[in-house]
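Peer 1: With the input below, show me the fold.
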Amino acid sequence: MSLEDLKIYHWNLTLEYLEMYPVWGAFDDDDSEIIRPVTAADPFTMDCDPLTIKSDFKTPDGLVMLGCILCDCEDAEVNMVEIFFAGNRFPFSTSVADLQKQTLQRLQNSIRHSEDPIFPLYYQTHTLGPDGKKIEGYFSQF
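Peer 2: Coordinates of the predicted model:
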């Protein structure tokens, strides 16, 4: 399969795909749920939105996890994070508060530390943002 043919539904994204291609984008000519690798040196110049970018996460207590952030192409504003942990995906969005409580409980049960805080969750990518710096910050679920 050529790189041009590599298209997956966002919910099929895995850490293995993120290791191969750390940046993925949703292009206008695809179904809205399909993403493709973005191999441009500056992914923020591509005509795709949002970008899904491999990220490292750290909880306030220092637990390190892997996953990805979803951010706008224009300003790299992060509006969703997905943590991959113990074979599961844990998505957190700035706009779907009801589901987040259930997702947070599932994640805390998976790490066997249900009282340990997850948020604010620090994230850092290895991809440079539009300002030429690594994309990093804190994500709060609500």
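Peer 1: Show residues contacting the strand ranked longest in the chain.
Peer 2: Ranked by residue count under DSSP state E, the longest strand found in the chain is strand 48-58. Here strand 48-58 makes contact (C-beta atoms under 8 Å, 6 or more residues apart in numbering) with 10, 13, 18-19, 22-28, 35-36, 38, 43-44, 64-74, 79-81, 83, 121-127, 135. All C-beta spots, glycine's among them, are computed from the backbone N, C-alpha and C.
Peer 1: Report all helices and strands that the longest helix along the chain contacts.
Peer 2: Taking DSSP state H as the criterion, the chain has its longest helix at helix 97-110. The contact analysis (3 or more C-beta pairs under 8 Å, 6 or more residues apart in numbering; DSSP states H and E) places helix 97-110 against strand 78-85, strand 88-93.
Peer 1: I35 reaches I8, doesn't it?
Peer 2: Yes - using C-beta atoms under 8 Å, I35 makes contact with I8 at a distance of 6.3 Å.
Peer 1: okay, those two: which has more neighbours?
Peer 2: The residue with more neighbours, out of I35 and I8, is I35; 28 against 15, by other C-beta atoms under 10 Å.
Peer 1: tell me which element that one falls in.
Peer 2: strand 34-37 (DSSP states H and E).
Peer 1: Give the partner strands of that strand in its sheet and their orientations.
Peer 2: strand 8-9 (antiparallel), strand 23-27 (antiparallel) (DSSP bridges).
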